[in-house]
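[1] generate coordinates for the sequence data below:
(one chain, ligands or ions: 1)
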Amino acid sequence: MAGEIPYKIYLDEKDIPASWYNMRADMKNKPAPLLNPGTGQPMTAAELSGVFCDELVKQELNETDAYIAIPQDIRDFYKMYRPSPLVRAYCLEKKLDTPAKIYYKFEGNNTSGSHKLNSAIAQAYYAKKQGLKGVTTETGAGQWGTALSMACAYFDLDCKVFMVKVSYEQKPFRREVMRTYGASVTPSPSETTEVGRKILAAHPGTTGSLGCAISEAVEVATHNEGYRYVLGSVLNQVLLHQSVIGLEAKAALDKYGVKPDMIIGCAGGGSNLGGLIAPFMGEKLRGEADYRIIAVEPASCPSFTRGKYAYDFCDTGMICPLAKMYTLGSDFIPAPNHAGGLRFHGMSTTLSQLYHDGFMEARTVKQTDVFEAAEYFARIEGILPAPESSHAICAAIDEAKKCKETGEEKTILFGLTGTGYFDLVAYEKYNNGEMDDYIPTDAELAESIAKLPRI
Ligand SMILES: *Cc1c(COP(=O)(O)O)cnc(C)c1O
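    Below you'll find the model as predicted:
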């Protein structure tokens, strides 16, 4: 039987989806709306358009159109690196001696090294179309900033990136890639913004967080004519753009009549997972098929599994709209020795609602287990995975081992979101045996959760 399905299932260029798929159209319980922190009322399109590009605001608020056409300019850019390969992990299956059939969708085949380019190019396109001068953003590990700087270079837009300080220091090469593509990069929190100065005064010596960097980027966008803020995860529009991952994966599996039993993805803000599962979740929501869907998050930043489903700020400076999501509190800053990415305190509102309604599961993994899985995978399948992606690898390997015990021939699909070439400081720590597994205590989480805004 092996051999019938190739190691890599490639699609043709013409199979790049013509439309993105919007899961919200098929959800009975829609994700809760973003609220204006001043009034407590849902954010209107007019209010949002002060921060975000007009067309992206429309996508953010669109709960009715299941399919939204991908503009030709974006499809043309996608053609340079898509369709991305869907790989049958024959070598991993053999090494694990499992009856499970394992597939992964690899999004690391572009210079930015991750799936984030799928949304970056869309967001840059709409900014250009609106006649803007440029965009501002935050970046954590650096993948989003890299992807956005590539997209801005392509459309000739200015790009200002606030990079979480710990990553700025640990990943000088990421910073240089961004500068090479023409972006300016500022470590966050910085003295260049009002909110940055406030955070530095309250937390001297902080290594930063995505929440801080978001606050700074939003401040700069709203204080500069011709600029808007763009975000690389969490938002509905980003999940929409990332649906290209799931649509391609499903088309590739359909070519061979394969139906996954479970779909596994790492969860930071939820964009790759939301994108990978999109068409499968659509079938599940419409009652056409069933799949087990598993979100994997770090034990050190466990939004789904130990957070609270409540309205919260997306940023530390509390200037962004409130989102109803699984959150650890916008004040929560993961331990600085947490090296595996996925540092955001909250989660996509769409995935939060789906999780709340029982359409998906979530689990945590410890960072040393993540790196053990990463190296195991690298040595067998050849790809050096990003630490974030390795959360999904770790869970997929666990599930494949369970299949070995039970003899079940489950089909597992997981998202391999990126490469780990810029994460070698983390790999070095792991190889030196210097990596530990800091897990926040209940008391620590309770402290930041107690500060959630009262709505
Ligand atoms: C950003 C990133 C993630 C996590 O972000 P999501 O929005 O949760 O997808 C995962 N893997 C890689 C490689 C990333 O760059």
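[2] contacts, neighbours, all on C-alpha from now
    Fine.
[3] grab the nearest non-local neighbour of residue 81.
    Spatial nearest neighbour of residue 81, chain neighbours left out: residue 110 (6.1 Å); criterion: C-alpha to C-alpha, 6 or more residues apart in numbering.
[4] what number of residues lie near that neighbour?
    Look at residue 110: counted by other C-alpha atoms under 10 Å, it has 16 neighbours.
[5] what's the separation between it and residue 6?
    Remark: distance between residue 110 and residue 6 (C-alpha to C-alpha, to the nearest Å) = 22 Å.
[6] and for residue 65?
    Distance from residue 65 to residue 6, by C-alpha to C-alpha: 35 Å.
[7] same check on residue 166?
    41 Å.
[8] which one's more surrounded, these two?
    In terms of neighbours (other C-alpha under 10 Å), residue 166 is the more surrounded of residue 166 and residue 6; the figures are 19 against 13.
[9] leaving out chain neighbours, which residue sits closest to that one?
    The shortest distance from residue 166 to any non-neighbouring residue, by C-alpha to C-alpha, 6+ apart, is to residue 207 (5.0 Å).
[10] state the pLDDT value of that neighbour.
    In this prediction, residue 207 carries a pLDDT score of 87.
[11] helix, strand, or coil at it?
    coil (DSSP: H, G, I helix; E, B strand; the rest coil).
[12] I'd say it and residue 168 touch.
    No. In this structure, residue 207 is not within contact of residue 168 by C-alpha atoms under 8 Å, at 9.6 Å.
[13] quick one, which of these two is more surrounded?
    residue 168 (23 against 20).
[14] what residues does the stretch 1-150 of the chain put near the ligand?
    114, 143 (C-alpha under 6 Å from any ligand atom).
[15] give me the contacts around stretch 114-123.
    For stretch 114-123, contacts defined as C-alpha atoms under 8 Å, 6 or more residues apart in numbering pick out 56, 74, 77-78, 107-108, 143-144, 147-148, 151-152, 230, 232, 238, 241-242, 244, 272, 417-419.
[16] I'd like to know how far residue 228 sits from residue 176.
    23 Å.
[17] so which of the two has more stuff around it?
    More crowded of residue 228 and residue 176, by other C-alpha under 10 Å: residue 228, with 26 against 15.
[18] mind checking pLDDT for that one?
    97.
[19] surely it is within a strand?
    Yes. Under three-state DSSP, residue 228 falls within a strand.
[20] that one pairs with what?
    Beta-bridge partners recorded for residue 228 (DSSP bridges): residue 135.
[21] so who does it touch?
    Contacts of residue 228 (C-alpha under 8 Å, 6+ apart): 50, 51, 52, 53, 127, 132, 134, 135, 136, 218, 221, 222.
[22] mind redoing it with 6 Å?
    By C-alpha atoms under 6 Å, 6 or more residues apart in numbering, the contact list for residue 228 reads 51, 52, 135, 221.
[23] can you give me the buried ones in stretch 84-97?
    84, 85, 86, 87, 88, 89, 90, 92, 93 (16 or more other C-alpha atoms under 10 Å).
[24] out of those, who's nearest the ligand?
    residue 84 (14.1 Å; C-alpha to the nearest ligand atom).
[25] quick one: contacts for the closest one?
    Residue 84 neighbours (C-alpha under 6 Å, 6+ apart): none.
[26] which stretches in the stretch 1-150 of the chain count as strands?
    8-9, 19-21, 67-69, 86-88, 101-106, 134-139 (DSSP state E, counting those that start in this stretch).
[27] ranking those strands by burial, who's on top?
    strand 134-139 (a mean of 27; mean count of other C-alpha atoms under 10 Å).
[28] just the C-alphas of that strand, formatted as PDB.
    Extracted in PDB, the C-alpha atoms of strand 134-139 (Å, rounded to 0.1, in the frame of the first residue of the first chain):
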ATOM      1  CA  GLY A 134       3.000  52.300   5.700                       C
ATOM      2  CA  VAL A 135       2.000  50.000   8.500                       C
ATOM      3  CA  THR A 136       3.200  49.300  12.100                       C
ATOM      4  CA  THR A 137       3.300  46.000  13.900                       C
ATOM      5  CA  GLU A 138       4.700  44.000  16.700                       C
ATOM      6  CA  THR A 139       6.700  40.800  16.400                       C
END
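[29] centre of the chain versus that strand, how much separation?
    When distances are taken as C-alpha atoms, centre = their mean, to the nearest Å, strand 134-139 is centred 16 Å away from the chain's centroid.
[30] and the residue nearest the centre of this protein?
    The structure's the chain has its C-alpha centroid closest to residue 271; by C-alpha atoms, centre = their mean the separation is 3.8 Å.
[31] tell me the contacts of it?
    233, 239.
[32] relative to the ligand, how far out is it?
    Look at residue 271 and the ligand: by C-alpha to the nearest ligand atom, to the nearest Å, they are 4 Å apart.
[33] and that residue, how far from residue 78?
    17 Å.
[34] give the next helix or strand downstream of the worst-scoring helix or strand of the chain on mean pLDDT.
    In the chain, no helix or strand scores lower on mean pLDDT, DSSP states H and E than helix 165-170, which sits at a mean of 87. Note on helix 165-170: by DSSP states H and E, the next helix or strand toward the C-terminus is helix 172-180.
[35] what is the neighbour count of residue 170?
    Neighbours of residue 170 (other C-alpha under 10 Å): 17.
[36] contacting residues for the residue lying closest to residue 35 once chain neighbours are set aside?
    Distances taken as C-alpha to C-alpha, 6+ apart place residue 42 nearest to residue 35, at 4.2 Å, with adjacent residues excluded. Applying C-alpha under 6 Å, 6+ apart to residue 42 gives the contacts 33, 34, 35, 36.
[37] apart from its neighbours in sequence, what residue is nearest the second one?
    When you say that, I think you mean residue 34. Closest to residue 34 by C-alpha to C-alpha, 6+ apart is residue 323, at 4.9 Å.
[38] what does the average pLDDT come to for the helix or strand that neighbour falls within?
    Taking DSSP H and E as the definition, one finds residue 323 inside strand 322-327. Strand 322-327 comes out with an average pLDDT of 97.
[39] so what secondary structure elements neighbour it?
    helix 303-306, strand 308-313, helix 349-356 (3 or more C-alpha pairs under 6 Å, 6 or more residues apart in numbering; DSSP states H and E).
[40] just confirm yes or no for the shortest one near the ligand.
    So the one you mean is helix 303-306. No. Under the criterion of C-alpha under 6 Å from any ligand atom, the ligand is not reached by helix 303-306; the shortest gap measures 11.3 Å.
[41] what's next to that helix, contact-wise?
    326, 327, 328, 346.
[42] all good on my end, thank you.
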